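Asks: Just the structure for this:
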Amino acid sequence: MWIFVVMAIAVLGGVLGLKFKLPAGAMLGAMIAVAVFTVVTDLQVIPAWFKVCAQMVSGGYIGTTMTRESLREMKKVAPAIIFLLAGMLLINLAVGGLLCLTSPLDLCTCLFSTAPGGMTDMTIISDDMGANSPVVSVFQVCRMSLAISTFPLIIPRLAGGKAAGRRTKAAKARAAMTGAQKVELAKTIAVAVLSGLLGYWSGIPGGTMLFSVVGVSFTKLVFNVGYIPLRVKQGAQMLSGAFIGAKITMATILLIASMWYNVLLVLVVFFPLCLLLGYLMHRVCGIDLLTGLFCAAPAGASEMALIASDCGADGPNVAILQISRMLGVIALFPSIFQVIIGLVG
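Replies: Residues are numbered from 1 along each chain as shown. Got it, this is the predicted structure:
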């Protein structure tokens, strides 16, 4: 009974988050709504399989964005991708280590809190590895929202250009899916679930999402089967938000409130290092400065690609590098974190 009540609250919160255009609004809105319910009632009724389902759908959605053109472009900018991932890993470890030294958080939580991946992805993978996922989500939301709001103003000035206004996209009508799209959606979900289960059973950190990404990418590239509409992805984000929100207690809230200066410290250190990385990509990899700075911006791939095009950067290259960064972070960073945590203890 209570699980249906909580799900209704999660959907309502997710819809409101999207309406008010919050960063990762579906997930953040659901998380806040369920967190309020959990704190007020002291009931935690969300099962763990919510998170697994969300990982499968989110991974499948990422897989549907892969095309043959994307692969060809990745080959062309492979050196820049490697440089970007290596630089982001060093920044992640440096800022995560600083956070660990200056806060009461454990190392795992600190590393995921400063990981430059998608907010949803990092939060739910962090929970797999025993991190404090509500705290991770707070740091990730702060990074994402501040990066989206400030980097488009800062980057054009640093690159010697003029800031351009953000392009507004007309709202598209929510047309009903065709019969063929419904069949393709069912096939894609089936691939995402089966490959995600293999990843879940493999025991690899973040394996559920990683295997779903790989499985759906394969069927999309080889058989041209890969379709998950945005609203289905948003539904998965609501599941993730409900799962995370159900873990937020009054003790968690008090911890977060006492750490505002840690969040500020992370952002003050993290952002200049990302700008420096973008400049080094320009110098070492031959990418123009504006594009390099946008590639290293610690925000979502789609948001940065759109804003970059408005500001005169190479939008497709920004998208390719940002997507490659996102996939690389999901595939590599959790395993690297696991090794580091094992060594440090």
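Asks: So for this structure, the centremost residue is which one?
Replies: Gly118 (1.0 Å; C-alpha atoms, centre = their mean).
Asks: That residue against Arg325, yeah?
Replies: No. Between Gly118 and Arg325 no contact is recorded; they are 10.0 Å apart, counting by C-beta atoms under 8 Å. Glycine gets a C-beta too; all of them are placed from N, C-alpha and C.
Asks: Per-residue pLDDT of the residue nearest to the centre of the chain, please?
Replies: We have a pLDDT of 72 for Gly118.
Asks: Next, work out how far apart it and Ile125 are.
Replies: Distance check for Gly118 against Ile125: by C-beta to C-beta, to the nearest Å, it reads 10 Å.
Asks: which neighbours do the two share?
Replies: Counting by C-beta atoms under 8 Å, 6 or more residues apart in numbering, the contacts common to Gly118 and Ile125 are Ile330.
Asks: Tell me how many other residues crowd Lys21.
Replies: Counted with other C-beta atoms under 10 Å, the neighbours of Lys21 add up to 7.
Asks: so which strand or helix has Lys247?
Replies: For Lys247, there is no enclosing helix or strand under DSSP states H and E.
Asks: Based on its surroundings, how many neighbours for it?
Replies: Number of residues near Lys247 (other C-beta under 10 Å) recorded here: 18.
Asks: Also Arg143?
Replies: 25.
Asks: Got phi/psi on it?
Replies: Backbone torsions for Arg143, taken as degrees, to the nearest 10, come to phi -60, psi -50.
Asks: List the contacts of it.
Replies: Here Arg143 is in contact with 114, 119, 266-267, 270, 298-299 (C-beta under 8 Å, 6+ apart).
Asks: so which strand or helix has Ile81?
Replies: helix 78-102.
Asks: that older thread, pLDDT at the closest residue to the residue nearest to the centre of the chain other than its chain neighbours, what is it?
Replies: Nearest residue to Gly118, sequence neighbours excluded (C-beta to C-beta, 6 or more residues apart in numbering): Met326, at 5.8 Å. Listed pLDDT for Met326 reads 78.
Asks: Tell me which stretches of the stretch 1-150 of the chain form helices.
Replies: In the stretch 1-150 of the chain, the helices defined using DSSP state H, counting those that start in this stretch lie at 2-19, 25-41, 49-64, 68-76, 78-102, 107-113, 119-128, 133-158.
Asks: Follow the chain on from the last one and name the next helix or strand.
Replies: Which is helix 133-158. Downstream of helix 133-158, the first helix or strand assigned by DSSP H and E is helix 179-202.
Asks: From Thr123, how far out is Ile244?
Replies: 6 Å.
Asks: who touches both of the two?
Replies: With C-beta under 8 Å, 6+ apart, Ile244 and Thr123 have common neighbours 27, 133, 137.
Asks: List the residues that contact the residue nearest to the second one when sequence neighbours are not counted.
Replies: In this case it means Ser133. Excluding its sequence neighbours, the residue lying closest to Ser133 (C-beta to C-beta, 6+ apart) is Asp127, at 4.0 Å. Taking C-beta under 8 Å, 6+ apart, we find Asp127 in contact with 51, 133, 243-244, 247.
Asks: right, and out of those, which lies closest to Val6?
Replies: For the contacts of Asp127, the closest approach to Val6 (C-beta to C-beta) belongs to Phe243, at 10.2 Å.
Asks: which parts of the helix or strand hosting that closest one are buried?
Replies: Taking DSSP H and E as the definition, Phe243 sits inside helix 230-245. Residues 232-245 are the ones in helix 230-245 that count as buried (16 or more other C-beta atoms under 10 Å).
Asks: Including pLDDT and distance to Val284, could those go into CSV?
Replies: Converted to CSV, the buried residues of helix 230-245 look like this (pLDDT from 0 to 100; distance: C-beta to C-beta, whole Å):
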residue, pLDDT, distance to Val284
Val232, 89, 40
Lys233, 81, 35
Gln234, 86, 38
Gly235, 88, 41
Ala236, 84, 37
Gln237, 80, 36
Met238, 88, 41
Leu239, 86, 41
Ser240, 77, 36
Gly241, 81, 39
Ala242, 86, 43
Phe243, 80, 41
Ile244, 75, 38
Gly245, 83, 42
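Asks: Could you save those as a markdown table and add columns showing distance to Val6?
Replies: As requested, the buried residues of helix 230-245 are arranged in a markdown table below (distance: C-beta to C-beta, whole Å):
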| residue | distance to Val6 |
| --- | --- |
| Val232 | 20 |
| Lys233 | 21 |
| Gln234 | 18 |
| Gly235 | 15 |
| Ala236 | 16 |
| Gln237 | 16 |
| Met238 | 11 |
| Leu239 | 11 |
| Ser240 | 14 |
| Gly241 | 11 |
| Ala242 | 6 |
| Phe243 | 10 |
| Ile244 | 12 |
| Gly245 | 9 |
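Asks: Might you list the low-confidence residue ranges for the stretch 1-150 of the chain?
Replies: 23-24, 73-74, 145, 148-149 (pLDDT under 70).
Asks: could you say what helices and strands the helix ranked longest in the chain packs with?
Replies: Ranked by number of residues, the top helix in the chain under DSSP state H is helix 315-344. Applying 3 or more C-beta pairs under 8 Å, 6 or more residues apart in numbering; DSSP states H and E, one finds that helix 315-344 makes contact with helix 49-64, helix 68-76, helix 78-102, helix 107-113, helix 119-128, helix 207-223, helix 289-295, helix 301-310.
Asks: How many residues are close by Leu275?
Replies: 18.
Asks: Show me what whichever strand or helix holds it is packed up against.
Replies: Element membership for Leu275, per DSSP H and E: helix 260-285. Where contact means 3+ C-beta pairs under 8 Å, 6+ apart, helix 260-285 is packed against helix 78-102, helix 133-158, helix 289-295.
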